[in-house]
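K.L.:
From the sequence below, what's the structure:
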Amino acid sequence: MTIHQTVPLGFQWPTIDPFLFCVHHLDRYPAGNGELAPAASLAGRSIGNDFEPLDGWRMYHGSTVPGFPQHPHRGFETITFVRQGLIDHADSMGAAARYGRGDVQWMTAGSGIQHAEMFPLLDTESPNTTELFQIWINLPASDKMVEPHFTMLWDHDIPRYEADGTTVTVIAGELAGLTPPNPPPASWASRPDADVALWHVVLEPGARWTMPAANFDDTVRVLYVFDGDGLVVDDTPVGTSTGAVVDARSDAVLTTTGHVELLVMQGRPIDEPVAQQGPFVMNTEAEIRQAFDDYRRTQFGGWPWDRPDPTHGYTEERFARHADGRVETSVSVP
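P.N.:
Numbering: from 1, shown residues only. Okay, here's the model as predicted:
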């Protein structure tokens, strides 16, 4: 049997080791007010913790500009795949970035980092739709205390497989001879035997795609169908807003009668104890207590910005300025 289990998808999607967390954000923000914030009243919103999609959008933890102001992490990685809109990154290492429109930021929190990811609304005349996937992938015990690091995977560097009404964006994991840019060096995904894959799949009506088997018998693969209806995996229909755990040991034939989009997340389990409290993911409760103690004592390097929610102006240029001074742009990497 190809499908082992199906689950309904809410705001936060259930995940399986090595993944910890996944959310699909789709916010139809109004025009900006000239200060990168929505030109709309914030009345009725729980500012600082706004997760209700009033009028089709959320402020999240932002108070002026939507997004996620300064907060810490330790012990895992965040992967942010932005399909629409722009994100402004700032962190405790002094690094900054503006990315989006197909870009991916892959950040290793490691021993500890503070960062902010804000959603600047540049367009003052039209809506500012923002769509992204926020994914957490665990680190093994041996790598939980590595130095923090972030890598940009620019849209133009991410390969896409296209055939027979199917388009697959290959963020991680080789597919049909296509190899994406490398993840951060300490990532579980950087190990060939971890068999990690992240694929965004778009199937047009009438499409047929054979998804190849994984490389190892214990690889876990989940298909998250988040848009459209009509998908059939081998002979089993899978409805929209559904997660399907599939047998990754053999090829699976995907067909559809309608437009369907799904995210494929796969990997071999790290298979270690997981202790998690808020933004920290370690192996034991004692390590969690140590993480809180270390954060209170060191602030993970402090916060070099003059506000908890930095943004980067009105430039349309997508860039990354790393802690070592190296600068990348979305069109060229020196």
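K.L.:
The residue of the chain most remote from its centre and Val225, how far apart?
P.N.:
Relative to the centre of the chain, the most outlying C-alpha is that of Asp235, 30.2 Å out, by CA atoms, centre = their mean. The spacing between Asp235 and Val225, counted by CB to CB, to the nearest Å, is 16 Å. In short, each C-beta sits where N, CA and C put it, glycine included.
K.L.:
the strands in the stretch 151-300 of the chain, which residues?
P.N.:
Along the stretch 151-300 of the chain, the stretches classed as strands by DSSP state E, counting those that start in this stretch are 160-163, 166-172, 197-203, 208-211, 220-228, 231-233, 236-238, 242-246, 252-256, 260-267, 275-277, 280-282.
K.L.:
and the fourth one, how far from the chain's centre?
P.N.:
Its chain's C-alpha centre and that of strand 208-211 lie 24 Å apart, by CA atoms, centre = their mean, to the nearest Å.
K.L.:
Who are the packing partners of that strand?
P.N.:
Where contact means 3 or more CB pairs under 8 Å, 6 or more residues apart in numbering; DSSP states H and E, strand 208-211 is packed against strand 166-172, strand 252-256.
K.L.:
strand partners of it, parallel vs antiparallel please.
P.N.:
Strand 208-211 has the following strand partners under DSSP bridges: strand 252-256 (antiparallel).
K.L.:
pLDDT (mean, whole number) over the strand it pairs with?
P.N.:
Averaged across strand 252-256, pLDDT comes to 97.
K.L.:
Name the residues of it that come out as buried.
P.N.:
Judged by neighbour count (16 or more other CB atoms under 10 Å), strand 252-256 contains these buried residues: Ala252, Leu254, Thr255, Thr256.
K.L.:
List the contacts of it.
P.N.:
By CB atoms under 8 Å, 6 or more residues apart in numbering, the residues outside strand 252-256 that reach it are 2, 166, 201, 203-211, 228, 230-234, 246.
K.L.:
for the stretch 51-200 of the chain, what spans make up the helices?
P.N.:
Under the criterion DSSP state H, counting those that start in this stretch, the stretch 51-200 of the chain carries no helices.
K.L.:
mind showing which ranges of it have poor pLDDT?
P.N.:
Along the stretch 51-200 of the chain, the model assigns pLDDT under 70 to no residue.
K.L.:
returning to that earlier point: mind giving me CSV with the strands of the stretch 151-300 of the chain and columns for distance to Tyr314?
P.N.:
What follows is the strands of the stretch 151-300 of the chain, written out as CSV (distance: least, CB to CB, whole Å):
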stretch, distance to Tyr314
strand 160-163, 30
strand 166-172, 28
strand 197-203, 29
strand 208-211, 40
strand 220-228, 31
strand 231-233, 40
strand 236-238, 42
strand 242-246, 39
strand 252-256, 40
strand 260-267, 31
strand 275-277, 38
strand 280-282, 35
